[in-house]
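Undergrad: Here you go, sequence then predicted model.
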Amino acid sequence: MEFTPENKARFEEIVARYPVKRSALLPALHLLQEQEGWLTPEAIDYAAELFELTAAQVHDTATYYTMYRFKPYGSTHVEVCTNLSCALSGAQQVVDAFESELGVAPGETTEDGEVTFRAVECLGGCGYAPVVAIDHRYRHDVRPDDVPAIVEELRAGS
């Protein structure tokens, strides 16, 4: 696999911003994930080649962060914050409600391949806990009773 010509140009622009090429690894991984939909083994190998690293070094770096995906995800991403503020405000009950409504556990994708559901660490909305991010749009003060309507909106394409 390789970057598309457009993404190759974007990659070159990204690398030019850094005094040390290796410092551009994270943005390059974002670009690869954007292009492929997830960080495939071939994308990891390609990044290793681009940065003169081993595939293990690239994989180790990528797996440290939660924003990289290592398997296909649905077109919609539902994330429930489970960090301290959200946990104390009922995040586990919200997770349980999504699990029940979607029919998948955190870290899984619905059978139709449309929705990937994850429990994540801090989404940065501690004062409005529990927080749910749907495709990076935040919903605050989400309660388990809110979840059926949210899932209905997702299924309706809202």
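TA: Right, received. Where do you want to start? Please read these numbers as outputs of a predicted model, since none were measured by experiment.
Undergrad: all contacts plus neighbour counts: C-alpha atoms, from now on.
TA: OK.
Undergrad: what's the domain layout of the chain?
TA: Domains of the chain are assigned by automatic domain parsing as 5-64, 76-156.
Undergrad: Which stretch among the ones you listed is buried most, on average?
TA: Mean neighbours per residue, mean count of other CA atoms under 10 Å, is largest over these for domain 76-156, with a mean of 18.
Undergrad: can you pull the pLDDT of the most centrally placed residue in the chain?
TA: Most central in the chain under CA atoms, centre = their mean is Met67, positioned 4.3 Å from the mean C-alpha point. Met67 is assigned a predicted lDDT (pLDDT) of 81.
Undergrad: And it, how far from Glu34?
TA: 11 Å (CA to CA, to the nearest Å).
Undergrad: show me what contacts the residue nearest to the centre of the chain?
TA: Met67 is in contact with no residue at all, counting by CA atoms under 8 Å, 6 or more residues apart in numbering.
Undergrad: Gln33 too?
TA: Contacts of Gln33 by CA under 8 Å, 6+ apart are Leu39, Tyr68, Arg69.
Undergrad: which of those lies closest to Ala56?
TA: Leu39 (13.3 Å; CA to CA).
Undergrad: Check the closest one and give its pLDDT.
TA: At Leu39, the pLDDT value in this model is 97.
Undergrad: Correct me if wrong, but it is in a helix.
TA: No - secondary structure of Leu39 (DSSP: H, G, I helix; E, B strand; the rest coil): coil, not part of a helix.
Undergrad: correct me, but it touches Tyr73?
TA: No - checked against CA atoms under 8 Å, the pair Leu39 and Tyr73 is beyond contact range at 10.8 Å.
Undergrad: so which helix or strand takes in the residue lying farthest from the centre of the chain?
TA: Centroid-distance maximum for the chain: Pro19 at 28.0 Å, with CA atoms, centre = their mean. Secondary structure from DSSP states H and E places Pro19 outside every helix and strand.
Undergrad: For it, give its distance to Asn7.
TA: Distance of Pro19 to Asn7, computed by CA to CA: 20 Å.
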